Structure formats: structure tokens, C-alpha cells
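In: coordinates only, sequence not included:
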């Protein structure tokens with residue numbers, strides 16, 4: 001047999017778990033010869049179960065947080081590089097402040113460029129989502145998780161993604177119980193395909209709208225870029241570098257804010273299962289003390305009862321027999337008077 005399975009079976013023989021009446025309190029007990037090993041087994045099982053339960057509760061939040069950590073590292077590198085480029089450029093040419101007009105043009109360009117970058121990012125997100133739906137590699141949406149920025153602005157798309165995730169989870173659960181020909185599975189698969197079609201339709205509509213917006217913004221951005229190109233090359237390059245630093249800083253700060261929110265959400269997922277009282281090595285073995293204690297109690301009670309009876313008898317100085325009377329008085333008893341309290345003597 002497999003050593004692991006054998007060890008599990010042996011452990012099942014020596015470990016018992018008992019639930020308190022009408023409570024969620026569980027007691028883990030172990031029965032081995034070594035008292036310290038007995039306590040260690042119970043404590044280890046309780047500790048591992050708490051860790052396992054806590055891991056399940058926080059796995060989803062931890063995955064999202066780890067993803068944001070990777071994004072923060074990437075954005076931090078980009079920000080550092082843009083700052084270095086700006087510093088090197090200033091050191092090389094010794095450029096002073098830009099003229100007010102150039103600053104105004106660049107500020108406007110920055111605003112439209114950010115809007116254009118956001119639109120491009122949203123278009124890429126929609127293409128990624130559409131590709132996931134088409135190839136069947138759709139990443140299930142978790143409750144409270146925003147995968148794409150467009151979801152914040154499009155409630156219908158957000159709801160469709162949630163419906164699809166719930167349907168796929170339900171399908172996975174049914175497939176474990178029923179065959180593919182089961183009516184519930186067939187209906188659920190049809191519902192999933194319908195939801196995917198709705199998502200694809202919604203994505204296409206959003207993409208078309210974003211493409212139109214992109215074209216309009218592109219024209220405006222091109223207009224302001226031409227205006228900026230009229231300024232000296234050094235001033236233009238300086239402002240481009242500053243813009244890159246600003247965009248990188250904003251992206252980094254936004255991502256860092258999302259990361260802090262994710263950490264807070266992960267911390268809120270507290271483990272509801274915890275150890276109340278750890279096991280301690282028993283002072284005495286369970287056998288034969290569980291029978292010896294009652295036996296000793298009975299013997300002790302019997303001895304005390306007999307001793308008490310003799311003590312009471314020794315303290316009683318009343319005369320109960322003829323022999324006692326003769327011994328106490330020093331005379332012989334000639335006659336005794338019977339007890340006339342009986343009913344037949346009262347007639």
C-alpha cells in the first residue's frame with residue numbers, strides 16, 4: 001500500500017474530532033502512548049486546519065494583490081527611467097523654464113494625450129476580453145474585482161461578466177454530478193453561449209465608440225503637436241520628458257492606491273476558524289485512571305462510613321442491655337419492666 005495512505009489511515013485510528021452540541025466548537029483528541037506526542041498531534045492538526053482555512057479565504061484577494069505588486073514594480077521602473085531621462089537632458093543642455101505659451105500648449109496636449117492613451121488602453125482591454133471570450137480562455141471575474149477600466153463605466157458589461165462567471169461555476173459543479181446529456185447542463189451551456197454573444201456584442205459596440213473617440217482625439221492631439229513643434233527643439237524635448245514623468249507618476253500613484261485597497265481587502269478576509277485552547281500533555285494515562293478513580297472513591301466512602309458509625313457508637317453512653325446496666329451500676333438485675341407503649345397494652 002501507499003505509505004502516505006497508510007499513514008493517513010493510522011492517523012485516523014488515533015485521532016477523534018467531536019463537535020459541541022449546537023455549537024461550531026470542535027474538540028480534537030489523540031490517543032497514543034507518548035503524552036507529549038499526543039498533545040503535538042492534536043495541536044498540529046488544529047494549526048494546519050486553521051492555515052488551510054485561512055488560505056482558502058484569502059487566496060482570491062492575495063492573487064489580486066500579487067498582480068498589483070507586479071504592476072507597481074513595472075511602473076516604478078518606468079518612472080525611474082523617465083526621471084533619469086529628464087535629468088540627463090537638463091544636465092546636457094542646461095535648459096531653463098519654458099515660455100508661458102509653450103507651457104500652455106503642452107498642458108493642453110498632455111490632457112488630450114492622456115485621454116487618447118486612456119482610449120487606446122480601453123480599446124486594448126476590449127480586444128483582450130473579446131479574445132478571451134472567443135478562445136474560451138476567459139478569466140472568471142471575482143466579486144468586487146475590476147479587471148478593466150471600462151467596467152467601471154459600463155454597468156451592463158460588468159453585469160454580463162459576472163453572470164458568465166457565475167454560470168461557468170455552476171456548470172463546473174453540475175459536470176461533477178451529471179453527464180453532458182443532462183438537461184440542466186445543456187441549458188446552462190446554452191445560457192453561457194448566449195451570455196458570451198451578448199458580451200461580444202457589447203464589446204463591439206464599446207470598441208466602435210472608442211475608435212470614433214480615438215480618431216477625434218488623434219486629430220486634436222496632432223493639432224497641438226504641430227503647435228509644439230514650432231518651439232525650439234530643446235524646449236520641446238524638455239516638455240516631452242516632463243510629460244512622460246507626469247504620466248508615469250500618475251500611473252504609479254494610481255496603481256499604488258489600488259494596491260493599498262487590495263491589501264486592505266485582503267486583511268479584512270479574517271480567518272473565522274481559530275484555536276481556542278491548545279492541547280497539553282496529560283499528566284496521567286486515560287487507562288486505567290478512568291476506572292481507578294471511581295473505585296478509589298467507593299472504597300474511601302465505605303471506609304469513612306464505617307469509621308463514622310464506630311465513632312457515633314463509641315460516643316453513645318445510653319444503657320441498651322442488661323449486661324451494660326450490671327456493669328455500670330455494679331448490681332445484679334432482678335427484673336425488667338417491658339415497654340407498655342404498644343397498642344394492645346392500652347386497653
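Out: That came through, no problem. Note that the coordinates shown come from a computational prediction; the quantities given were computed from them, not determined experimentally.
In: Give me the distance between residue 221 and residue 240.
Out: Here the criterion is CB to CB, to the nearest Å. By it, residue 221 lies 13 Å from residue 240. All C-beta atoms are positioned from the backbone trio N, CA, C, and that covers glycine.
In: Which stretches in the protein count as strands?
Out: Counting by DSSP state E, the chain has these strands, from start to end: 15-19, 26-30.
In: List the strands paired with the first one, with their directions.
Out: For strand 15-19, sheet partners with direction are given as strand 26-30 (antiparallel), following DSSP bridges.
In: what's the pLDDT at residue 231?
Out: Looking at residue 231, its pLDDT stands at 68.
In: same thing with residue 222?
Out: The model reports residue 222 with a pLDDT of 85.
In: just the one 3 residues further on next, same as before
Out: In this model, residue 225 is scored at 79, pLDDT.
In: Return the distance of the residue nearest to it when sequence neighbours are not counted relative to residue 222.
Out: In this structure, residue 225 finds its nearest non-sequential neighbour in residue 109, 6.5 Å apart by CB to CB, 6 or more residues apart in numbering. Here residue 109 is placed at a distance of 10 Å from residue 222 (CB to CB).
In: more neighbours, these two?
Out: Neighbour totals were compared for residue 109 and residue 222, and residue 109 leads with 22 against 11 (other CB atoms under 10 Å).
In: Check what pLDDT the more buried one gets.
Out: According to the per-residue confidence, residue 109 scores 81 in pLDDT.
In: List the residues that contact it.
Out: By CB atoms under 8 Å, 6 or more residues apart in numbering, residue 109 lies in contact with 221, 224-225, 227-228, 243.
In: Buried ones only from these, please, as a ChimeraX command.
Out: Selecting only the buried members of these in ChimeraX, with burial defined as 16 or more other CB atoms under 10 Å, works like this:
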select :221,224,228,243
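In: Report the two of the contacts of residue 109 separated the most.
Out: Of all pairs drawn from these, the one with the largest separation by CB to CB is 227 and 243; the distance is 14.4 Å.
In: if we can go back for a sec, mind putting the contacts of residue 109 in TSV, distance to residue 215 included?
Out: As requested, these are arranged in TSV below (distance: CB to CB, whole Å):
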residue	distance to residue 215
221	11
224	16
225	15
227	20
228	21
243	22
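In: What part of the chain, helix or strand, is modelled with the least confidence?
Out: Ranked by mean pLDDT, DSSP states H and E, the weakest helix or strand in the chain is helix 150-153, scoring a mean of 50.
In: can you give me the helices in the stretch 1-150 of the chain?
Out: If you assign secondary structure with DSSP state H, counting those that start in this stretch, the helices in the stretch 1-150 of the chain sit at 3-14, 35-93, 100-135, 150-153.
In: err, the stretch 151-300 of the chain, not the other one
Out: Under the criterion DSSP H, counting those that start in this stretch, the stretch 151-300 of the chain carries helices at the ranges 155-175, 183-229, 233-268, 286-315.
In: Any stretches of the stretch 151-300 of the chain with poor pLDDT?
Out: Of all residues in the stretch 151-300 of the chain, those with pLDDT under 70 make up the ranges 151-158, 227, 230-232, 268-272, 284-292.
In: ok, now with 50
Out: 152 (pLDDT under 50).
In: quick one on the thing from earlier: want to try JSON lines for the strands of the chain, with distance to residue 213 and mean pLDDT as columns?
Out: Below are those laid out as JSON lines (distance: least, CB to CB, whole Å; pLDDT from 0 to 100):
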{"stretch": "strand 15-19", "distance to residue 213": "60", "mean pLDDT": "86"}
{"stretch": "strand 26-30", "distance to residue 213": "58", "mean pLDDT": "84"}
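In: Out of those, indicate the one that is most buried.
Out: Compared across these, strand 26-30 shows the largest average neighbour count, a mean of 15 (mean count of other CB atoms under 10 Å).
In: pretty sure residue 69 contacts residue 256?
Out: No - contact status for residue 69 versus residue 256: not in contact, 10.3 Å apart, counting by CB atoms under 8 Å.
In: Tabulate the helices of the stretch 151-300 of the chain in JSON lines, adding columns for distance to residue 327.
Out: JSON lines is the format used below for the helices of the stretch 151-300 of the chain (distance: least, CB to CB, whole Å):
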{"stretch": "helix 155-175", "distance to residue 327": "96"}
{"stretch": "helix 183-229", "distance to residue 327": "102"}
{"stretch": "helix 233-268", "distance to residue 327": "91"}
{"stretch": "helix 286-315", "distance to residue 327": "16"}
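In: Tell me which of the ones you listed approaches residue 114 most closely.
Out: Taking CB to CB as the criterion, residue 114 comes closest to helix 233-268 out of the helices of the stretch 151-300 of the chain, the separation being 6.7 Å.
In: Can you work out which other helices and strands pack against the closest one?
Out: When contacts are defined as 3 or more CB pairs under 8 Å, 6 or more residues apart in numbering; DSSP states H and E, helix 233-268 packs onto helix 35-93, helix 100-135, helix 183-229.
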